[in-house]
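In: model this:
(2 chains)
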Amino acid sequence: MKFKKCFQLALNIFIHSKLRSWLTIIGIVIGIAAVVSIISISLGAQQQLEERLGSLGADVLTVTKGMQRAMGGGFGGGEGGPGEGRGSSISSTTESKNLTARDVTVIKATPNVKLVMGQISGTADIAYSGKTVKDAKVNGVDISIWKDITTDTIDSGRFLTKGDSYSVVIGKNVAGTVFGKEVSLNNKILIAGKSFNVVGILEEGSSYYIPIDIARAILEDVGEKDFNSISVKIADVDISNQTVSDITKKLMLSRGILQEKNKDFTVSNPEAMQETMKETMSTMTLFLGAIAAISLIVGAIGIANTMFTSVLEKTKEIGIMKAIGTRNIDIMIIFLLNSGLIGLIGGIGGVILGIIASSSINSLAGTSSGMARGMFSSSAVNIQLIVGALLFSMIIGMIAGAIPAYRASKLNPVDALRYE
Amino acid sequence: MKQESLIKIENVWKKYDMGSEEPLVVLKEINLDIKSQEFIAITGPSGSGKSTMVNIVGALDKPSWGSVCLNNQNISEMSESSLAFLRGKTIGFIFQQFNLLPNLTALQNVMLPMEISDEPEYIAKKRAKELLESLGLGERLNHKPNQLSGGQQQRVAIARALSNDPQVILADEPTGNLDSTTGKFVMDFLGRLHSQGKTIILITHDIELVKYAKRIIHIKDGRIEKETTNTKWRN
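Out: Have a look, this model is predicted:
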């Protein structure tokens, strides 16, 4: 029998199937919907993660004080300047000495290191147009190096350069919304009571960058010589792990630390962090996918059950078809296609429901805050995911229907004809 | 001219294993030679082994012992697929219960054996229409079996049996579920098919129907009890 005819007969069985088959399909719809929504949300979150981590710059390492043991927090802030944002997502548990100019010198002498910049950050009240923002984070940067080491990009104006004193570069979020009135280039803002001229606006972020000398003078909670973090630009990204190791060894020696466990500083490698986060995300996706797959297995068992019953109900028809010349293999193909169709129709329903579900979760995450807003505010439903889900559901249907189809094909025509 | 042998049954036994009990022997030492273009009736009381004979003669079942040759091919040595192909091409079945596929229309039911034999769809459709129209069902092509009367269903079954232009028509109690008028129509139609050169094998317990056959095989307790010739058979 031609494949087309087998398909027509399988479709005929499907069209005339009873409520039982449709209930089975609902099982597959739920399973596929769960898998599609979880994968699409995970893919969306991965894309967000890659975008945000990518902005950290793969060639910039950051040295911070304290031994960092755990990573947490979110990537939703969209900060991105060296030494900022990263520190906030990591909890330090070891009390330690500040980073010093000596540390900067030691790092400069490390192979593969191109540029080194010490940075401080503190809090200050900032006022503009009659509105004051309390305890805003202000960064002091080395104006001779900053524009070469930062991963931020300028939206308008310029970076801080030599000769700047009471000049400030602000993030786009600050310029747009914080003061209720837009901050433009050459506007004056008050930082800790001092007037600063806005010389540049970054493409994103909510930070304030001022020359480090001025920052030491006006910020209360920073030392006279110490740094909160040191940004290190490396020449060859491929050996970043080796450079991290070299810097760690040199700093341990210089700071008189003999054992790794007593280390009071951390060298962060964005590349390695990105890998770790991606792996964590993949593991999470796999875990959630596995949970969703359980519902698919239940759905597949439902298909197998329906197919066994269907074969039983159609025993006499199978006998008639065999009597008029249908071969065993054709009977098997008809029932396999039938179960594949059940899977496919369930898959189509599942994909539609999955897209609706992931969109709903995106909308909910969009109205929330923090990590959820950052990670789950977009889903990635692509054609590969849709085709993959449909193929997967059809194959599941066919696998579930394989044994019933084989049994149908092996029915004795005499016994089948006699079946009532 | 001597007619050639179409179905040759030699020393056929059929037994069914009954687990721990003695096997049930349904057919014993059956020898039968059915020639091409014969009209033969196989008759006997209920439980005599008629149905098993239908299955063996129709190549639906294989014997436990002995040989059954259909067109000089021993069915015992054939694979399931080859047997199905041979059955589809050589034998047209007419059952007492009509045995139409309930979800297909009359036209689709008649087209099916041709499509199984890989006949192009347009040829199958044309022939199926012709057959149904010749049986007076031109207005019922797209009706499903449950929308047809018993007589109409049996006529669809006859059209289906003829669709592949088989050499043999095997009719198992074809009038069992029909009123006398429709039954007579069916038997007359079988008679016409015989006169057109088809080999007809009629299985019945109805003594009135055997008059249509030329040769009558009486079965009792699984054996051929006697074989007679019907001199009253109408040409």
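
In: Find the centremost residue of chain A, please.
Out: residue A:46 (2.4 Å; C-alpha atoms, centre = their mean).

In: Give me the helices and strands touching the host helix or strand of that one, please.
Out: When secondary structure is defined using DSSP states H and E, the element that contains residue A:46 is helix A:19-54. Contacts of helix A:19-54 with other secondary structure elements, assessed using 3 or more C-beta pairs under 8 Å, 6 or more residues apart in numbering or on different chains; DSSP states H and E, are made with helix A:270-313, helix A:328-367, helix A:370-376, helix A:383-409. In short, each C-beta sits where N, CA and C put it, glycine included.

In: Who are the packing partners of the first one?
Out: Secondary structure elements in contact with helix A:270-313, counted by 3+ C-beta pairs under 8 Å, 6+ apart, are helix A:19-54, strand A:60-65, helix A:240-254, helix A:328-367, helix A:383-409.

In: need the ones you listed in JSON lines with distance to residue B:119 and mean pLDDT, can you?
Out: Putting the helices and strands packed on helix A:270-313 into JSON lines (distance: least, C-beta to C-beta, whole Å; pLDDT from 0 to 100) gives the following:
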{"stretch": "helix A:19-54", "distance to residue B:119": "31", "mean pLDDT": "82"}
{"stretch": "strand A:60-65", "distance to residue B:119": "74", "mean pLDDT": "88"}
{"stretch": "helix A:240-254", "distance to residue B:119": "70", "mean pLDDT": "90"}
{"stretch": "helix A:328-367", "distance to residue B:119": "14", "mean pLDDT": "88"}
{"stretch": "helix A:383-409", "distance to residue B:119": "22", "mean pLDDT": "91"}
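
In: Let me know which of these is tucked in deepest.
Out: strand A:60-65 (a mean of 24; mean count of other C-beta atoms under 10 Å in any protein chain shown).

In: my read: the residue nearest to the centre of chain A touches residue A:283, true?
Out: No: with contact defined as C-beta atoms under 8 Å, residue A:46 does not count as touching residue A:283 (11.8 Å).

In: rewinding a little: can you tell which of the helices and strands packed on helix A:270-313 is closest to residue B:108?
Out: Distances from residue B:108 to each of the helices and strands packed on helix A:270-313 were compared by C-beta to C-beta, and the smallest falls on helix A:328-367, at 14.4 Å.

In: what's the spacing between the residue most central in space within chain B and chain A?
Out: With distances taken as C-alpha atoms, centre = their mean, chain B has residue B:170 as the residue nearest its mean C-alpha position (1.3 Å). When distance is defined by C-beta to the nearest C-beta, to the nearest Å, residue B:170 is 10 Å away from chain A.

In: That residue touches residue B:94, doesn't it?
Out: Yes: under the criterion of C-beta under 8 Å, residue B:170 makes contact with residue B:94 at 7.1 Å.

In: can I get the helices and strands packed on helix A:19-54 in CSV with distance to residue A:245?
Out: Output for the helices and strands packed on helix A:19-54, formatted as CSV (distance: least, C-beta to C-beta, whole Å):
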stretch, distance to residue A:245
helix A:270-313, 11
helix A:328-367, 38
helix A:370-376, 31
helix A:383-409, 39
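
In: Could you name the specific helix or strand carrying the closest residue to residue A:214 other than its chain neighbours?
Out: Nearest residue to residue A:214 in three dimensions, chain neighbours excluded: residue A:165, at 6.0 Å (C-beta to C-beta, 6 or more residues apart in numbering or on different chains). If you go by DSSP H and E, residue A:165 is not part of any helix or strand.

In: Next up, phi/psi of residue A:165, please.
Out: Residue A:165 adopts backbone torsions of phi -130, psi -80, taken as degrees, to the nearest 10.

In: One more: residue A:131?
Out: Residue A:131 adopts backbone torsions of phi -110, psi 140, taken as degrees, to the nearest 10.

In: what's the answer for the one 3 residues further on, then?
Out: Here is the backbone geometry of residue A:134 (degrees, to the nearest 10): phi -80, psi 150.

In: tell me the contacts of it?
Out: Shown here is residue A:134, whose contacts under the criterion C-beta atoms under 8 Å, 6 or more residues apart in numbering or on different chains are residue A:125.

In: again, only using 10 Å
Out: The contact partners of residue A:134, taken as C-beta atoms under 10 Å, 6 or more residues apart in numbering or on different chains, are A:123, A:124, A:125, A:126, A:127.

In: nearest spatial neighbour of residue B:53, skipping sequence neighbours?
Out: On the basis of C-beta to C-beta, 6+ apart, the spatially nearest residue to residue B:53 that is not a chain neighbour turns out to be residue B:42, at 5.6 Å.

In: did I read that right, residue A:137 in a strand?
Out: Yes: Residue A:137 forms part of a strand when assessed by DSSP: H, G, I helix; E, B strand; the rest coil.

In: my guess is it meets residue A:119, correct?
Out: No: when contacts are counted by C-beta atoms under 10 Å, residue A:137 is not listed as touching residue A:119 (11.9 Å).

In: Looking at these two, which one has more neighbours?
Out: A count of neighbours by other C-beta atoms under 10 Å in any protein chain shown puts residue A:119 above the other of residue A:137 and residue A:119, at 26 against 15.

In: Which residue would be the closest one in chain B to chain A?
Out: Here the residue of chain B nearest chain A is residue B:88; by C-beta to the nearest C-beta that distance is 1.9 Å.

In: mind checking the SS state of that residue?
Out: State at residue B:88, reduced to three classes by three-state DSSP: helix.

In: For it, list the residues it contacts.
Out: Counting by C-beta under 10 Å, 6+ apart, residue B:88 touches A:1, A:321-327, B:112-114, B:116-117, B:163-164, B:166.

In: which one among those residues gets closest to residue A:18?
Out: Looking at the contacts of residue B:88 and their distance to residue A:18, the nearest is residue A:321, at 19.9 Å (C-beta to C-beta).

In: what's the burial count for the closest one?
Out: 27.

In: do residue B:103 as well
Out: Summarising burial for residue B:103: neighbours were counted as other C-beta under 10 Å, giving 17.

In: The one 4 residues further on now?
Out: By the other C-beta under 10 Å criterion, the neighbourhood of residue B:107 contains 21 residues.

In: Now for it: which residues touch it?
Out: Going by C-beta under 10 Å, 6+ apart, the list of residues near residue B:107 reads B:124-125, B:128-129, B:131-132, B:137, B:140-143, B:156, B:159.

In: Most neighbours among the residues you listed, please name it.
Out: Neighbour count (other C-beta under 10 Å) singles out residue B:156 as the most crowded of those, with 28 neighbours.

In: What is the neighbour count of residue B:165?
Out: Residues lying near residue B:165 (other C-beta under 10 Å) number 11.

In: what's near enough to touch residue A:404?
Out: With contacts defined as C-beta under 10 Å, 6+ apart, residue A:404 is in contact with A:303-312, A:332, A:335-336, A:338-339.
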